[in-house]
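> I would like the atomic coordinates for the input below:
(4 chains)
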Protein chains: 2
Amino acid sequence: MAQFIPVKTVRVSENVVAQLKSAILSGRFPSGSKLPSERELTEEFQVSRGVIREAIRMLELSGFLVIRQGHGGGAYVTELSLGNVGNAFLDLFLTSRLSMAEVAQVRLFIEPEVARLAAANFDASRHSNLLEKAEADEYLPYKSNTDRIARLTRVHKVLAMICGNQFFEAIVRSMLKITAEVVLKVAWDYDSLHNQGEHTALVEAVKAKDGPGAAREMTRHLKGFTETIVEMEKIYRKQMASESQG
Amino acid sequence: MAQFIPVKTVRVSENVVAQLKSAILSGRFPSGSKLPSERELTEEFQVSRGVIREAIRMLELSGFLVIRQGHGGGAYVTELSLGNVGNAFLDLFLTSRLSMAEVAQVRLFIEPEVARLAAANFDASRHSNLLEKAEADEYLPYKSNTDRIARLTRVHKVLAMICGNQFFEAIVRSMLKITAEVVLKVAWDYDSLHNQGEHTALVEAVKAKDGPGAAREMTRHLKGFTETIVEMEKIYRKQMASESQG
DNA sequence: AACTATTTGTTCGTATGTATG
DNA sequence: GCATACATACGAACAAATAGT
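Numbering: from 1, shown residues only, chains lettered A, B, ... in the order given. Below you'll find the model as predicted:
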């Protein structure tokens, strides 16, 4: 006898999410196009506006939509960003599911390979400006701490982009995001992390398309502050714990 | 003159999300505890139900909450799962932002290292049963294709767990998720991917705590089907494209 | 610079579904 | 079976933002 499958009472908003998502994936709503307005969607789906809004909120959070208010506004389909995986990783770190020691171990293994690939893939005409500017900007005056961190991580980001593998790029950016979170909140002793010209040899090796050299320099560079950043995590965790008391 | 910063009109539901999230992170709502009911939250935050629901929906999607209906139901705080990053990666793949070639390149680089770490970290008393069972189950009869795929990936998952770094584990599981998606939808020629006993040498090396051997076996194993899986992606993309027409 | 139209943002009241005891 | 305590869903209204006239 054929088994009956238990009826999974699925939330209406989940159904709407699934339909909209598959419509987007199928190309019916290409990147840049606009979804029907909330009121039109209520008619098409025959559900209330609250349901539509929940669905849109979820697709917005996943990075499929950006919402604009007002005349000509609405839900616009957008290119998925590599940054989204970073948010998921950051949440794991925030809940102490991931430790900085683990992040550091992965960085030490992956980033030298990324540097090697970047060197192999380096094309002076396309990448020179980007890379040189990233390094040159590092020690220019900065406005805010956020700004400061952004500059110190830029070389790593650019290399991840040049390496030609977006999976690697997403991973690297996630690790940088976690590292930045800690450094920013601890706000302590940035310059023990980076000496002036810390990235120079690395950048030179990449520009010379010297893969092994770039990998070696990246390893040296990362080893230089692994212990520091792991120490910073302890302070960070304490800080978070005490903030929640006060 | 001090620059004025444009007033960013933040959504009320975003504010609620931020407050709830920080309350959870602070430990005020530990894993397993229950948030106040929607109606109570309405009173505490002084906002409407709809806003509360949007906020809860977002926190649910991020993996912080599970919602249960009925008496004694409500929003329960839950441990964040490593699987969440997998969803973000899968979305990137679904939107063609990521190719299977990129996934394969990362797998070939990372999984041998994971195998090496797993071998180094292997503790017979804790891991033997898990690992042996994972391998033994591979060629047992299976009920569904989903079931089938789950079994073929189990050894990889177990090794990622044993390796002792959850960042690596999250990455490996993400790559397996994408691979499984393709294999499942193409539903074609599973057995060209895995010969009987494909994982035996790998598992033996790990049990012998032979790191380099485990890494070598993993490399051999992955090389064996890299081209196949990249070919399968082409079929997969075509299939998706034609489905959206019909 | 003011007006108007469109669309999201937010609220409230109400009704229904679902699981526990 | 029934009461209770939840989430789920609906509909009508008004507020706020934004682009064009």
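> got a list of what the residue nearest the centre of chain A touches?
With distances taken as C-alpha atoms, centre = their mean, residue A:83 lies nearest the centre of chain A, 2.8 Å away. Residue A:83 makes contact with A:173, A:177, according to C-beta atoms under 8 Å, 6 or more residues apart in numbering or on different chains. C-betas here are computed from N, CA, C, even on glycine.
> Look up the pLDDT of it for me, please.
Here the pLDDT value assigned to residue A:83 is 95.
> Can you tell me how far it is from residue A:96?
22 Å (C-beta to C-beta, to the nearest Å).
> Could you look up the SS state of residue A:22?
helix (DSSP: H, G, I helix; E, B strand; the rest coil).
> can you count the residues close to residue A:104?
21 (other C-beta atoms under 10 Å in any protein chain shown).
> do the same with residue A:43
10.
> Can you list the helices and strands that the helix ranked longest in chain A packs against?
Longest helix of chain A, by residue count under DSSP state H: helix A:211-245. Contact here means 3 or more C-beta pairs under 8 Å, 6 or more residues apart in numbering or on different chains; DSSP states H and E; on that basis helix A:211-245 packs against helix A:100-121, helix A:166-186, helix A:200-207.
> Now look at the helix or strand hosting residue A:42 and say if it contacts chain B.
Assigned by DSSP states H and E, residue A:42 falls within helix A:38-45. No. Helix A:38-45 lies apart from chain B when judged by C-beta under 8 Å from any C-beta of the partner chain; the minimum separation is 12.1 Å.
> Packing partners of that helix?
Against helix A:38-45 (3+ C-beta pairs under 8 Å, 6+ apart) you get helix A:12-25, helix A:49-61.
> Show the average pLDDT along that helix.
94.
> Next, the buried residues of it.
A:38, A:41, A:42, A:45 (16 or more other C-beta atoms under 10 Å in any protein chain shown).
> my read: residue A:82 touches residue A:167, true?
No. Look at residue A:82 against residue A:167 with C-beta atoms under 8 Å: they stay out of range, at 9.1 Å.
> For those two, indicate the residue with more neighbours.
Per other C-beta under 10 Å, whichever of residue A:82 and residue A:167 has more neighbours is residue A:167, with 27 against 23.
> which ones are touching the more buried one?
B:89, B:98, B:102, B:103, B:105, B:106, B:175.
> go on, residue A:244?
Applying C-beta under 8 Å, 6+ apart, the residues contacting residue A:244 are B:25, B:26, B:27, B:28.
> how far away is it from residue A:178?
Counting by C-beta to C-beta, the gap from residue A:244 to residue A:178 is 20 Å.
> How about residue A:34?
From residue A:34 to residue A:178 the distance is 35 Å (C-beta to C-beta).
> Neighbour count for those two, which is higher?
Counted by other C-beta under 10 Å, residue A:34 and residue A:178 do not tie: residue A:178 has more neighbours, with 24 against 14.
> So the spatially closest residue to the more buried one that is not a sequence neighbour, which state does it fall into?
Take residue A:178 and drop its neighbours on the chain: the residue closest to it by C-beta to C-beta, 6 or more residues apart in numbering or on different chains is residue A:93, 4.8 Å away. Using three-state DSSP as the criterion, the local structure at residue A:93 reads helix.
> Is it correct that residue A:31 is in contact with residue A:81?
No. Using C-beta under 8 Å, residue A:31 and residue A:81 do not qualify as a contacting pair, with a distance of 11.6 Å.
> And for the closest residue to residue A:168 other than its chain neighbours, the neighbour number?
Using C-beta to C-beta, 6+ apart and skipping the chain neighbours, the partner closest in space to residue A:168 is residue A:114 (5.3 Å). By other C-beta under 10 Å, 26 other residues sit near residue A:114.
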